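J.: Turn this into a model:
(2 chains)
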Amino acid sequence: MIPLLALRDVHAGYDSIEVLHGVSVHVDAGEVVVLLGANGAGKSTLLSVASGMLVPTAGQLLVAGQDLTGTGAGDLARAGICTVPEGRSVFPSLTVAEHLLMMTHRGVSAADVEERAYARFPRLADRRQQSAGDLSGGEQQMLALARAVATEPSVVLVDELSMGLAPIIVAELFALLRGLADDGVAVLVVEQMAQAALDTADRAAVVANGRITHEGDPERIRSVIADAYLGVDPLARQETT
Amino acid sequence: MQQFLSFTASGLTSAAIYALVASGLVLTYTTTGIFNFAQGAMAMVGAFTFWQFAEAWGWPAPVALVVCIGVIGPLQGLLVARMFQGLERTSDTVRLVATLGLLLGLIGVVHAIWDPSVRRSLDPFAEGRAVTVLDVRITYHQLLTMAVAVVVAAALWVLLRHTRTGVAMRAAVDNRSLATLNGARPALAGAIAWAIGSTLAVVSGILVAPTIELNALNLALLIVNAYGAAAIGRLRSLPWTFVGALVLGLTRDYAIWLRSDLPASVAPYLGGLSNAVPAIVLLVVLVLLPPAQLRTSTRAVRHEVLPKLTWSGTAITGVAVVVATALVIARLGATALLGAAGIWGIAIIGLSLVPLVGYAGQLSLAQLSFAGVGALAYAHLGWNHPLGLLWAALWGALAAACVALPAARLSGIYLALASGAFALLLEQWIFLLPEISIFGHPFTVFERGTMPVARPELLGWDLTGDRAYALYAAVVFSLCLALVVAVRRGTVGLRFVALKDAPAGLAATGTDAARTKLAAFALSGAIAGVGGAIAGGAATSISADGYGMFAGLPILLLMVVLGIRSPRAAIITGLVLGGSEVAADLPLGPLSSAFESGGVVQAMLIGVAAVAMARIPDGLLPELSNWARGRPWGRSGSARSRSVDVSGAPELVGLRTAATATELAALDHAIGLSSVRSTAGGARARG
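T.: Residues are numbered from 1 along each chain as shown, chains lettered A, B, ... in the order given. Predicted structure coming up:
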């Protein structure tokens, strides 16, 4: 089976500083893959490459087997890669309804977008004419995720889903991602809050110092994350030497 | 009553023009984050091209109109969008200067094509035809103007609120990269916004031109009045912008009406006030409006280069300035000598911008007004001793404090607008006041339009001669340079830089941000005041029209273009802007036209350079010194090279290059981590 999303031996960074030193990840349709790692490990950089925000210096970005390396983020978004960046990824001065109007870039009509978004997140319907800047953190994250729900994407990339949110909301949002995957979407999630993410994941990988140090089923990763969060894993180092 | 109605009608027409201009401003600001000071200049281009088509070439008016609105307007907007590409990621100062540069550049272009000494006028549409409502005659042209404003208001509202393109345009300003992730095309949205903004400017220019003489400066400046309307809309709300336009248009025309009814005793004092109504409205609005959602410089992602200043370098520069002045003035003729001292007056005013704009990041459009107040104080003092400059400095500082105090919580473009309104207020009202009585003492701001300025004498050394005064001016410049360097190297300078870079961090160190801002303004105003006094002494007299807001723009522009954080930029600014007489006397050939003050060549050169700021945001001098050190185009690259705008700070691993496992092991060992790790590994093995 050809994975929906694949990064092959990607090197990337900012200015002269290389952050990713040859990373390969793939996500199949219907799969939730979680990337774990400490602050500064390179997880968000990896997601930037996958979303097209950052062009890798070497390596490939493959979508459904097609090489789309160097394609702009806007084009990838229209092609069905839905990215939910870290933090409150909403436009503070736009209302909820205007956010939903923005989500018609994939050809889903404004009415359909509203219907799907409100069906999944009824709270947003009550806030229809409010500026996104006035919403609570959880509501903002819902609004950001509405894009994943309403635009029929084939790939969903989520950066730090849980950041600053109450655990109960985090569980709700992970359940939502699970549901998307069950409908055939490829979901790649970058997380620091490992436990909740691993409960949802089909597969997981640990990123440290710009490399993937471990990869496998969530249970195996659960046993090594303590080391991963402290820095470079001595076991991984032995493997590479 | 009838008068009231007829002034209401004319007020509504003014309001319609303001609304058209201000909505163009708001549109480009909400979609690109750039406040377009050149909106009036774009209107001017529209009016002049329409005149060319309809009057000079005799095209039928509808054809000329269609070409102007359908071709010239959008084309001008697209060109500007292209020029300003990359500007979103620069600081407020650079963005401000780029549009001010466009303003000067367009005036230069219009002057080059249409000789300003020729009088031109446009006829109103449907000339002579009018309707009478309640005994008030309203011309078709007035009706048309109002109708266009209403249609534009409705169309813009629908575009920005109810179409995906419009919403995407607004989204791009909130978060450019997130808009991209939503499938929007921010560059395209920006281009559309510029095209619409420019077209609105062209329309307003064509509509307003028949009511005033077709004069480039008049047109470009008339539009300044619309800033107040945009400010009432807080630069983002179109409905409020239209309310603002109504308030502004009606207030201005009622003020003209009231002026005619004023008693003779106060008329001369308040007469000028009616002209200054738009400036007053702008100032009041900026000071009163809640500061919520002000966009500040936080979106600028570039690191700005702050050149290091050494005492030895400063000493060399100071001595070189004095020696070079001494050498050059020895060979100048009488006419050229007159201008020689003025160079240093302008250079000092330019220097005054360095601590305020360069270090503290506070924008000021009133620098020449501070200089004017200093010059006035010095002239009124009439003490021909160099210490009289301290008096000028004091008054310059007080004037600057007058801006800083009410505007303490403003920053970025709002502060620039407030300082600009202050400058307009001085220029259009205070400087023009007739004799007033202060506690029984008669006092005239400018006696009969001009004030004589005495040149000083020091310890029996006569500095009134042109040569001696030019040398004295050079010495004063060098002393001011030393002052700026001392500030930069001391704690005060650090606080200024902190105020710009991290106001919250400054507060965390126990320093009051508002007080630091006040200090920056006062210091800058003081230096500007000294500059004004020196320039006044160079010309031996000062006049009210020499200290307007627009007269001061070239100084700010040139300083930013050259490098606002480089005190030496002031020397070149002085030479370029004040050196026309001197340059004419030197064998410079065609180069000398660049020094012709207020000349077309100079205006265009400064305009082009300012517009190029998107490529060299740190200014020419730092860029050149980088280049000389073999680091072409900057340590951090030009703003443009960062075409990929990543949301959030890049996460760095802390290592510049990839380390091998052996190196990492060695590093772990060196910092004592290896034993900890092996213990952890052992614990897991046991578990």
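
J.: Okay, and residue 112 sits in which element?
T.: I'll assume chain A. Using DSSP states H and E, residue A:112 sits within helix A:110-120.

J.: ah, no, chain B please
T.: With DSSP H and E as the criterion, residue B:112 is inside helix B:92-113.

J.: for that helix, packing partners?
T.: The contact analysis (3 or more CB pairs under 8 Å, 6 or more residues apart in numbering or on different chains; DSSP states H and E) places helix B:92-113 against helix B:39-51, helix B:216-222, helix B:412-428, helix B:549-562, helix B:600-611. Yep, even glycine has a C-beta here, placed from its N, CA and C like the rest.

J.: The residue of chain A found nearest chain B: neighbouring residues, count only.
T.: Per CB to the nearest CB, residue A:105 is where chain A lies closest to chain B, at 3.1 Å. Residues contacting residue A:105 under the criterion other CB atoms under 10 Å in any protein chain shown number 17.

J.: Disregarding residues adjacent in the polypeptide, which is nearest to it?
T.: What sits nearest to residue A:105 in space, not counting adjacent residues and going by CB to CB, 6 or more residues apart in numbering or on different chains, is residue B:183, at 3.1 Å.

J.: wouldn't residue A:155 be in contact with residue A:81 here?
T.: Yes: using CB atoms under 8 Å, residue A:155 is in contact with residue A:81, at 4.7 Å.

J.: which of the two has more neighbours?
T.: residue A:81 (27 against 24).

J.: So for stretch B:53-63, mean pLDDT?
T.: If you average the pLDDT over stretch B:53-63, you get 88.

J.: err, stretch B:356-376, not the other one
T.: If you average the pLDDT over stretch B:356-376, you get 90.

J.: Report the distance from that stretch to the chain centre.
T.: For stretch B:356-376, the separation from the chain centroid amounts to 11 Å (computed by CA atoms, centre = their mean, to the nearest Å).

J.: Now do the end-to-end distance for it.
T.: One end of stretch B:356-376 sits 22 Å from the other (CA to CA, to the nearest Å).

J.: buried set for it?
T.: Buried residues in stretch B:356-376, counted by 16 or more other CB atoms under 10 Å in any protein chain shown: B:356-376.

J.: Which of those residues fall in helices?
T.: Using DSSP state H, the subset of the buried residues of stretch B:356-376 located in helices is B:367, B:368, B:369, B:370, B:371, B:372, B:373, B:374, B:375, B:376.

J.: if I look at the first one, how far off is residue B:304?
T.: Right, residue B:367. 20 Å (CB to CB, to the nearest Å).

J.: Repeat that for the second one.
T.: If you measure residue B:368 against residue B:304 using CB to CB, the figure is 25 Å.

J.: And the third one, by the same measure?
T.: Distance from residue B:369 to residue B:304, counting by CB to CB: 27 Å.

J.: elements contacting the helix or strand following the helix holding residue B:112?
T.: As assigned by DSSP H and E, the chain's next helix or strand after helix B:92-113 is strand B:130-133. In terms of contacts (3+ CB pairs under 8 Å, 6+ apart), strand B:130-133 is packed against strand B:136-139, helix B:140-162.

J.: looking at these, which has the lowest confidence?
T.: Among those, strand B:136-139 carries the lowest mean pLDDT, a mean of 81.

J.: That one pairs with which strands, and in what direction?
T.: strand B:130-133 (antiparallel) (DSSP bridges).

J.: what's the partner strand in contact with?
T.: B:9, B:137, B:138, B:139, B:140, B:143 (CB atoms under 8 Å, 6 or more residues apart in numbering or on different chains).

J.: longest single helix anywhere in chain A?
T.: Chain A, longest helix under DSSP H: helix A:167-182.
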